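Visitor: Structure, please.
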Amino acid sequence: MPSQMEHTTETMMFTFHKFTGDKGYLTKEDLRMLMEKEFPGFLENQKDPLAVDKIMKDLNQCQDGRVGFQSFFLLPAGLTISCSDYFVVHMKQKGKKEVAEQLLPSR
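Guide: Prediction:
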């Protein structure tokens, strides 16, 4: 049985390939659809209507309108870092044990 991290890695890999199809890279429209489906909370809370454009620019390191597999991983990494920063601040405010119990699944 895969661990939580193994399952997460597998999910990210399969999600990328689901949205790229046979071409093996994300276009701006692919990225927009992926963000709408897989990160709806992020987009709903965005105040910037050009958020996806800015993300595409950050991920499109070759400036060719394509986001490859390696660049794609910058997206969940960046979002995870931002969420972690928020989580740490929230933990300090509420108390570590209480927050961890709320967010982590029971084992």
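
Visitor: Can you show me the helices along this structure?
Guide: Ranges of helices within the chain are 4-20, 28-38, 40-44, 51-59, 69-72, 74-94, 96-103, based on DSSP state H.

Visitor: Could you dump the ones you listed into CSV and include mean neighbour count?
Guide: Quick note: C-beta positions are derived from backbone N, CA and C, even for glycine. As requested, those are exported to CSV (neighbours: other CB atoms under 10 Å):
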stretch, mean neighbour count
helix 4-20, 14
helix 28-38, 17
helix 40-44, 11
helix 51-59, 16
helix 69-72, 15
helix 74-94, 12
helix 96-103, 11
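
Visitor: mind putting these in TSV, mean pLDDT included?
Guide: As requested, the helices of the chain are arranged in TSV below (pLDDT from 0 to 100):
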stretch	mean pLDDT
helix 4-20	93
helix 28-38	90
helix 40-44	77
helix 51-59	79
helix 69-72	88
helix 74-94	74
helix 96-103	60
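
Visitor: List of residues touching stretch 29-42?
Guide: Outside of stretch 29-42, the residues within contact range by CB atoms under 8 Å, 6 or more residues apart in numbering are 15, 19, 20, 26, 43, 52, 55, 56, 59, 67, 79.

Visitor: Look up the closest residue to the fifth one, ignoring the ones flanking it.
Guide: Pointing back at residue 43 there. Spatially, and ignoring its direct neighbours in sequence, residue 43 is nearest to residue 35 (5.6 Å; CB to CB, 6 or more residues apart in numbering).

Visitor: Tell me which residues touch the most centrally placed residue in the chain, please.
Guide: Note on the chain: the residue nearest the mean C-alpha position is residue 76, at 2.8 Å, using CA atoms, centre = their mean. Remark: with contacts taken as CB under 8 Å, 6+ apart, residue 76 is in contact with residue 12.
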